[in-house]
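Chemist: with the input below, show me the fold.
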Amino acid sequence: MTAAYRLLIRLLVPFVFVYLWLRGRKAPAYRQRWCERLARQAVPAAARGGILIHCVSVGETVAARQLITQILARYPGVPVTLSSMTPTAASLAQQVFGERVHHVYLPIDTPAAMARFFNKFAPEAVVVLETEVWPCMLRETVQRQIPFMLLNARLSEKSLHSYQRYSWLLGNIWRQLTWVAAQNSASQQRFITLGVPAERAVVRGNLKFDSQVPAAVWTQANALKQQLQRPVWVAASTHKGEDEMVLAAFHQVLQQHADALLILVPRHPERFASVADLVREQGFKLAIRSQQQQPTAQQQVWLGDTMGELLLWYALADVAFIGGSLITRGGHNPLEPVATDTAVVSGPHVFNFQEIFQRLADAQAVLWADNSGQLAEQLLTLLADAPQRQAMQQAARDEFAQDQGATAAMLADVVRHVPNWLQENYAMSNVETLTPVTGEEIWYRKDRFEHFDAAYFDAAHWHNEAKIVGAATGRSTAWFIRDGAQAMLLRHYYRGGLVGKINRDRFKREPIAQSRAMAEFELLMQLRARGLPVPEPLAARYKNAPAWGYRADILVEVIPNAKDVFKLLGEQQLEAAQWHVLGAAIRQLHDAEVYHSDLNCHNIMLDAEDKAWIVDFDKCGFRSPGEWRDANLARLLRSFHKELAKAEEAKRNFHWQEARDWPLLLAGYQHAS
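Modeler: Numbering: from 1, shown residues only. Below is the predicted model:
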């Protein structure tokens, strides 16, 4: 990505909102959720840290439906965010997937908006359908080391030349893609030509070859056929300038099939009203699906002005005309009517899906029409000849019978690139967000609490409930709480050092997800999912302080029957096996590239079964391998020296000898797998 691109995309932002406003005159949804276009919306904790799937519009969403369904099944406990650019895709996503996905508009590709977007959602993997590659978005994935997979990818010769022409603006973005699963070998080679490394580009086929019609759709379609008892054809995904030709052809059809029904489905929702007016102007009697109207025997046109029902219309129809083909729009994908065993008619302009239509033509599974007159002729032929329709249906099925399997192959690609730890035990999807008052946000585990109250972060509440069972002192007091079967540690965040003498517990305001408590909460969730020996987080709170800054609190589980090494050494000498276990636990943390900012003898523990645990992950995080590992161990060693000196000064026991004990811990560290 170049500096010129970053400047240009920023300059285009006002024009994007002008475009949205103008589109909103006919489709009001374009004037909604504008904050998402700049990634300024609030994001629930349950949407963080999962898989981001981007389908720019309805076509990509429909194509990816089975893949997304299988990803949801493969990762049942993982947050899945589905992004798009259009309200129609948003409506379809909510209709098809409901609350199982979090839908969002992908923001405008400015550096600041994309940085906010990734900060708020913190995805662990990005899946993009077809060819929707945005430079700033891609840069964020590279900087954060997030896999970026381009699936069901297609690239025409025309698009290749366009990308090559503007490479001076975009930069060498294609080399940064983690994985490209192309629809065919021609697209694969074009991506390689653009700069995708050959070992990262494979052919997986087209997801739409795997289109399956849900049983509920077949049931509904068959019921409607029984009720209608008339010839039905559908004109699907029609565009401005095409509806007139469709209606002109229908006038001719009615001369021989007076009881025929046309299901007219405009491509864009903002045209629904104008197309309805056009139908009436042409003298047809109209039924409107969105108004729950089912056509009577006197009504000739049924306006399909709802989202997500195109498969139903194909399954109901005897013949399907694929729109966008009588004008130079390039046509739409015919594989859905193939899946519903519906005979296909198309106009000549199908360059967007040239290969698929060519295969249909070679198999004699499509009829062509250049204008309204020819469209009427082909419709009349097919409506009158059931054997020909059946022959075309069988030919289409046979032609694409060997092309299925793209969904399974691409799911395997996703599983291969999504981090292994991101499994069903990663429970961010079980995290509920509360905002009791303005400036306060709480994350809590709804799988651990049936109800949660902000008072749970106040020690006074637990004192009043007589549920405080102990305390740990240090820089401040942390409270041990027993609430039924649940044992918890409540910790308020305090400042340390000289700053802490002046400013006890306020921190500079920052995005909530990056604040001290929330960052530690989410990190612990990730570490638990990786199987690391850390406590389970239960809840976290961010609360604006008066005038300036914020305060923070966290609730974590208490590890049963565990003591920190400082206390243990005050009681007795540790055995060699115990030191080995402690060293191995630290190595396990380091191998997962986890940096502990305050590794000391108070923050490593042993339980009754001599299992090691590491606690207190404030200001910790992931780091690339480096010298910090040795610095971590050196900090731990200093803590032993410090506590030994304090114990000698106070004339109390501290059973630590560096020459005896430290080599044992290092041996456990070095030999851990």
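Chemist: once you drop chain neighbours, what's closest to Asp447?
Modeler: If the residues on either side of it in the chain are set aside, Asp447 comes closest to Asn430, at 4.3 Å by C-beta to C-beta, 6 or more residues apart in numbering. C-beta here means a position set from N, CA and C on the backbone, and glycine is covered the same way.
Chemist: what is the neighbour count of that neighbour?
Modeler: 16 (other C-beta atoms under 10 Å).
Chemist: same deal with the one 10 residues further on?
Modeler: Each residue near Glu440 was counted by other C-beta under 10 Å, and the total is 17.
Chemist: now do the same contact list for the residue nearest to Asp447.
Modeler: 46, 77, 445-447 (C-beta atoms under 8 Å, 6 or more residues apart in numbering).
Chemist: same thing with Ser429?
Modeler: 46, 50, 77-79.
Chemist: just curious, which of the residues you listed is nearest to Val127?
Modeler: Gly50 (11.1 Å; C-beta to C-beta).
Chemist: give me the number of residues near that closest one?
Modeler: Neighbours of Gly50 under the rule other C-beta under 10 Å: 25.
Chemist: low-confidence ranges, the stretch 501-650 of the chain, go.
Modeler: Along the stretch 501-650 of the chain, segments meeting pLDDT under 70 are nowhere present.
Chemist: per-domain residue ranges of the chain.
Modeler: Here the domain parsing of the chain from automatic domain parsing is 3-205, 232-403, 428-557, 562-671.
Chemist: TSV for these, including distance to Val415?
Modeler: As requested, the domains of the chain are exported to TSV (distance: least, C-beta to C-beta, whole Å):
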stretch	distance to Val415
domain 3-205	7
domain 232-403	22
domain 428-557	16
domain 562-671	20
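Chemist: of all those domains, which one comes closest to Lys225?
Modeler: domain 232-403 (6.3 Å).
Chemist: end to end on that closest one, go ahead and measure it.
Modeler: End-to-end span of domain 232-403 (C-alpha to C-alpha, to the nearest Å): 29 Å.
Chemist: same thing with stretch 335-355?
Modeler: Stretch 335-355: ends 12 Å apart by C-alpha to C-alpha.
Chemist: what does stretch 343-361 give?
Modeler: Stretch 343-361 end-to-end distance (C-alpha to C-alpha) = 12 Å.
Chemist: about what we covered before: show me which of the contacts of Asn430 are buried.
Modeler: By neighbour count, with 16 or more other C-beta atoms under 10 Å, these hold 46, 77, 445 as buried.
Chemist: how about the helices in the stretch 551-673 of the chain?
Modeler: Remark: helices assigned in the stretch 551-673 of the chain by DSSP state H, counting those that start in this stretch are 565-571, 576-591, 628-650, 658-671.
Chemist: cool, and the stretch 201-350 of the chain?
Modeler: Taking DSSP H, counting those that start in this stretch to define them, one finds helices in the stretch 201-350 of the chain at 215-228, 243-256, 272-281, 310-316, 335-339.
Chemist: closest to Val16 out of those helices?
Modeler: The closest of the helices of the stretch 201-350 of the chain to Val16 is helix 272-281. By C-beta to C-beta, the value is 24.0 Å.
Chemist: which strand or helix spans Ala376?
Modeler: Using DSSP states H and E, Ala376 sits in helix 372-384.
Chemist: buried residues in that helix?
Modeler: For helix 372-384, using 16+ other C-beta under 10 Å, the buried residues are 372, 374-380, 382-383.
Chemist: just checking, what packs against the following helix or strand past that helix?
Modeler: The first helix or strand that comes after helix 372-384 along the chain, using DSSP H and E, is helix 386-400. Packed against helix 386-400, as judged by 3 or more C-beta pairs under 8 Å, 6 or more residues apart in numbering; DSSP states H and E, are the following elements: helix 335-339, strand 343-346, helix 354-362, strand 366-368, helix 372-384.
Chemist: make TSV from those and add mean pLDDT and distance to Gln588 to it.
Modeler: Below are the helices and strands packed on helix 386-400 laid out as TSV (pLDDT from 0 to 100; distance: least, C-beta to C-beta, whole Å):
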stretch	mean pLDDT	distance to Gln588
helix 335-339	91	48
strand 343-346	96	58
helix 354-362	92	51
strand 366-368	96	60
helix 372-384	95	67
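Chemist: could you dump the ones you listed to CSV with distance to Lys501?
Modeler: Shown next, in CSV, are the helices and strands packed on helix 386-400 (distance: least, C-beta to C-beta, whole Å):
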stretch, distance to Lys501
helix 335-339, 69
strand 343-346, 78
helix 354-362, 72
strand 366-368, 80
helix 372-384, 83
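Chemist: out of these, the one nearest Pro197 is which?
Modeler: In terms of C-beta to C-beta, the element of those nearest to Pro197 is helix 354-362, at 24.8 Å.
Chemist: give me the contacts around that closest one.
Modeler: With contacts defined as C-beta under 8 Å, 6+ apart, helix 354-362 is touched by 184, 186, 206, 331, 333-335, 338, 344, 346, 350, 366, 368, 396, 399-400.
Chemist: for Pro419, find the nearest of the domains of the chain.
Modeler: So among those, domain 3-205 is nearest, using C-beta to C-beta, at 5.5 Å.
Chemist: now the end-to-end length of the closest one.
Modeler: End-to-end span of domain 3-205 (C-alpha to C-alpha): 36 Å.
Chemist: same check on stretch 152-170?
Modeler: End-to-end distance for stretch 152-170, by C-alpha to C-alpha: 22 Å.
Chemist: what does stretch 470-484 give?
Modeler: 15 Å.
Chemist: any chance you could list what contacts that stretch?
Modeler: By C-beta under 8 Å, 6+ apart, stretch 470-484 touches 459, 462, 465, 467-469, 487-492, 494, 496, 500, 558, 602.
Chemist: just the buried residues of stretch 607-615, please?
Modeler: So, applying 16+ other C-beta under 10 Å, buried residues of stretch 607-615: 612-615.
Chemist: before we move on, back to that, out of the helices of the stretch 551-673 of the chain, deepest packed?
Modeler: Of all the helices of the stretch 551-673 of the chain, helix 576-591 carries the top mean neighbour count, a mean of 20, counting by mean count of other C-beta atoms under 10 Å.
Chemist: which outside residues touch that helix?
Modeler: Applying C-beta under 8 Å, 6+ apart, the contact partners of helix 576-591 are 532-533, 565, 596, 599, 604, 606, 610-614, 629, 632-633, 636, 661, 664-672.
Chemist: same thing but at 7 Å, please
Modeler: Applying C-beta atoms under 7 Å, 6 or more residues apart in numbering, the set of residues contacting helix 576-591 from outside is 532-533, 565, 596, 604, 606, 610, 612, 614, 629, 661, 664-669, 672.
Chemist: and for the closest residue to Ala339 other than its chain neighbours, the neighbour number?
Modeler: Leaving aside its chain neighbours, Ala339 sits nearest to Ser211 (4.0 Å; criterion: C-beta to C-beta, 6+ apart). Neighbour count for Ser211, taken as other C-beta under 10 Å: 22.
Chemist: tell me the contacts of Ser211?
Modeler: The contact partners of Ser211, by C-beta under 7 Å, 6+ apart, come to 335-336, 339.
Chemist: list the helices and strands the strand or helix carrying Ser83 packs on?
Modeler: Assigned by DSSP H and E, Ser83 belongs to strand 80-84. On a contact count with 3 or more C-beta pairs under 7 Å, 6 or more residues apart in numbering; DSSP states H and E, strand 80-84 meets strand 51-54, helix 65-74, helix 87-97, strand 102-105.
Chemist: 6 Å instead, please
Modeler: Counting contacts by 3 or more C-beta pairs under 6 Å, 6 or more residues apart in numbering; DSSP states H and E, strand 80-84 packs against strand 51-54, strand 102-105.
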